[in-house]
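> here is my input, please return the structure:
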Amino acid sequence: MTAPGPIRLIVTDIDGTLTTTAQEITPRVRQAVAAARARGVRTCVATGRAWRSGRRYIEALPADPPAILFNGGLVYEFSRDRVLFRQGMDPELALVVVEALDAHPDLAAHLYVGDRIYVRRWTPLVAATALHDHLDPEAVGDLRTVLPRDRAVPIMKFRILGPREELEALAETLGRTGPVNCVFSETTSLEVLPPGVSKGTALRVVAEHLGVDLEAVMAVGDELNDLTMLQAAGWGVAMADAPEPVRRAARVVAPTSDADGLAVVIERYVLDGR
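Numbers count the residues shown, from 1 in each chain. All right, here's what the predicted structure looks like:
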């Protein structure tokens, strides 16, 4: 298979793509990114994480600005502390989500407002997620109490954790009651985003900002929230353990992150030019 043109920009997801299951960036991945940068190819990150959570990986790589955060809700040029794009959720729509969550009291619902994260209560799952994501959410009981009344403080997203079957039932309910955008970032993690927000939409913002044609972009991911990004890029790359719809939409399927899949595709299609 030949490339549609020279790759000028690599955009990679973090968890399960850039990092291994042990949350590490391997030396081979670092070396491949550095070699691509030496040839003038930028590597940016697209993640569902907030800046506080994703920053350590972005700086450890190191990745180029800008970063796509909140699954596309924010495009942040961190080298200049400048927001290129931000879209929050309408407060009335966020209230619809909170009301739907009332029927699911055992789900671990995380509400991202501005740079703060709120949960209903601390549970073992909330604690484990806080440790994994390097965040410290605030338990507030009723999420209604922290919903802003206007858009001055943006509601970036909900992240809801729990059994897949119950999350699917919640997504189906939300689909009937409001124009929300539900997407799975993991098997047991449902992201509820503002309408129109996706990594694919944000990728277009990044490509235009950098003056790179989408056909010259390699986008790499491993979950359903990466699907729109892979579809938007000239080179969509899915990790081998990605869900079937993601692999089917990809131009290339890479080895897993534990097998240095990101490095493999950079070496083959960017450095070797095959």
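> just the buried residues of stretch 9-24, please?
By 16 or more other Cβ atoms under 10 Å, the buried positions in stretch 9-24 come out as 9-20. Quick note: C-beta positions are derived from backbone N, CA and C, even for glycine.
> any chance of these in a markdown table, with pLDDT too?
What follows is those, written out as a markdown table (pLDDT from 0 to 100):
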| residue | pLDDT |
| --- | --- |
| Leu9 | 98 |
| Ile10 | 98 |
| Val11 | 98 |
| Thr12 | 98 |
| Asp13 | 98 |
| Ile14 | 98 |
| Asp15 | 96 |
| Gly16 | 97 |
| Thr17 | 98 |
| Leu18 | 98 |
| Thr19 | 98 |
| Thr20 | 98 |
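> now the helix-or-strand element of the chain with minimal mean pLDDT: how far from the chain's centre is it?
The weakest-scoring helix or strand in the chain, judged by mean pLDDT, DSSP states H and E, is helix 124-133 (a mean of 91). Here helix 124-133 is found 18 Å from its chain centre; the criterion is Cα atoms, centre = their mean, to the nearest Å.
> kindly report the same for stretch 7-20.
On Cα atoms, centre = their mean, the centre of stretch 7-20 falls 10 Å from that of its chain.
> quote the end-to-end distance of that stretch.
24 Å (Cα to Cα, to the nearest Å).
> which of the buried residues of stretch 9-24 sits closest to Pro105?
Top of the list for closeness to Pro105, among the buried residues of stretch 9-24 and by Cβ to Cβ, is Asp15 at 27.1 Å.
> partner residues bridging that closest one?
Here Asp15 sits in beta bridges with Thr19, as judged by DSSP bridges.
> that one touches Ala46, doesn't it?
No. Contact criterion Cβ atoms under 8 Å: Asp15 and Ala46 do not qualify, at 11.3 Å.
> packing partners for the least confident helix or strand of the chain?
Helix 124-133 sits against strand 108-113, with contacts defined as 3 or more Cβ pairs under 8 Å, 6 or more residues apart in numbering; DSSP states H and E.
> what's the burial count for the nearest residue to Thr201 once chain neighbours are set aside?
Once flanking residues are discounted, Thr201 sits nearest to Gly72: 5.4 Å by Cβ to Cβ, 6 or more residues apart in numbering. By other Cβ atoms under 10 Å, 31 other residues sit near Gly72.
> ok, now how distant is Gly72 from Arg149?
25 Å (Cβ to Cβ, to the nearest Å).
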